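Participant: build me a structure from this.
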Amino acid sequence: MEPMQFIETLAVRTRPRAMHDLSQTIGERLRSLDAGDGLLTAFVRHTSASLTIQENADPDVQADLLDALDRLAPAGPLYRHSVEGPDDMPAHIKTVLTSTSLAIPVLRGRLMLGTWQALYLVEHRAQPHQREIVLHFAGTRALEPRPPAPRR
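Facilitator: Purely as a prediction, here's the structure:
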């Protein structure tokens, strides 16, 4: 098997206080590069947004998670750091509670997520932002190039 590695940046325009499923976009990128087996690391280059792997079947899970994070770190005049607005320091706290990087195994060019899992970018701020996620794949090239996956 031929070793391969790539590093690139994925730009994502976010909606305010939302979870953005990146699984399909990243999966398509792995397929287009003919990735085989290896490890994908995803890293968000911001301190007020995060990454998480969570359930993708019921959107109520995402809403409940966002609400729970708001209860843990509410916006308002509670913090010394307020230069960027009342939602900024709570966003930093939420990022500490979640994660800025994740490692996901890749098998035959596919993220090895569970049946009900997706990789999400979590926007903690109350305004939309342009976020950057660095993707680093280290592994092997697919034995045979695959045709693009059909769109759902």
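Participant: tell me the bridge partners for the closest residue to Thr98 other than its chain neighbours.
Facilitator: Distances taken as CB to CB, 6 or more residues apart in numbering place Ser50 nearest to Thr98, at 3.8 Å, with adjacent residues excluded. Where you see a C-beta, it was placed from the backbone N, CA and C, and this is true even at glycine. Beta-bridge partners for Ser50, by DSSP bridges, are Val122.
Participant: doesn't Ser99 make contact with Ser50?
Facilitator: Yes. With contact taken as CB atoms under 8 Å, Ser50 and Ser99 are classed as touching, separated by 5.7 Å.
Participant: more crowded one of these two?
Facilitator: Neighbours per residue (other CB atoms under 10 Å) separate Ser50 from Ser99, with Ser50 holding more: 24 against 15.
Participant: pLDDT value on that one, please?
Facilitator: pLDDT recorded at Ser50 is 98.
Participant: check which helix or strand Leu102 maps to.
Facilitator: If you go by DSSP states H and E, Leu102 is part of strand 101-107.
Participant: which regions of the chain sit below the pLDDT cut-off?
Facilitator: 145-152 (pLDDT under 70).
Participant: for it, which helix is longest?
Facilitator: helix 59-72 (DSSP state H).
Participant: buried residues, that helix. List them.
Facilitator: Gln62, Leu65, Leu66, Leu69 (16 or more other CB atoms under 10 Å).
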